[in-house]
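> would you be able to build a 3D model of this:
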Amino acid sequence: MNIDRDDDKYDYNQEVMLEKIVTSCKRILEENDVDNEMIYSIAGDIAFDVCAIIDGSTLMGSEESPVTPFLTFSKNEEKNSLIVNDSGSCLHEMTYGVVDKVFEIDE
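The predicted structure follows:
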């Protein structure tokens, strides 16, 4: 297994993944006839909570047996080469900026 520590590639992949998460939340809310004015807020809040779980920022498991995820990305289809970031993912910190991008809101 090849491990590639590349912060730029990792950050790019995080943003692509986060855009997909936000877009999926938005689509599901729209398909379920949630009021348009609420979709922005709800999609952002759902994406933030999901991303906090992925980032390991949400306590999971127990003190004796904590569950701490560590996000990696595959560099190729064979999945024998991974892109990592030593400090782990920060999706939840990026969430609301990406929500604005998906909803085309100027910052």
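> helices of the chain, start to end?
7-31, 36-55, 91-102 (DSSP state H).
> what about those, which gets the closest to Lys75?
With C-beta to C-beta as the criterion, Lys75 lies closest to helix 7-31 of those, at 8.1 Å. C-beta here means a position set from N, CA and C on the backbone, and glycine is covered the same way.
> tell me which residues of the closest one come out buried.
Residues Tyr10, Asn13, Gln14, Met17, Leu18, Glu19, Ile21, Val22, Cys25, Lys26, Leu29 are the ones in helix 7-31 that count as buried (16 or more other C-beta atoms under 10 Å).
> now do it and helix 91-102, the angle between them.
Orientation check (axes from the mean of the first three to the mean of the last three C-alpha atoms, to 10 degrees): helix 7-31 against helix 91-102 gives 60 degrees.
> could you check the angle helix 7-31 makes with helix 36-55?
140 degrees.
> and helix 7-31, what does it pack onto?
Packed against helix 7-31 by the contact rule (3 or more C-beta pairs under 8 Å, 6 or more residues apart in numbering; DSSP states H and E) you find helix 36-55, strand 73-74, strand 81-84, helix 91-102.
> Serialize those to CSV and add fields for mean pLDDT and distance to Pro66.
Listed next are those as CSV, based on pLDDT from 0 to 100; distance: least, C-beta to C-beta, whole Å:
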stretch, mean pLDDT, distance to Pro66
helix 36-55, 95, 13
strand 73-74, 94, 23
strand 81-84, 94, 20
helix 91-102, 96, 18
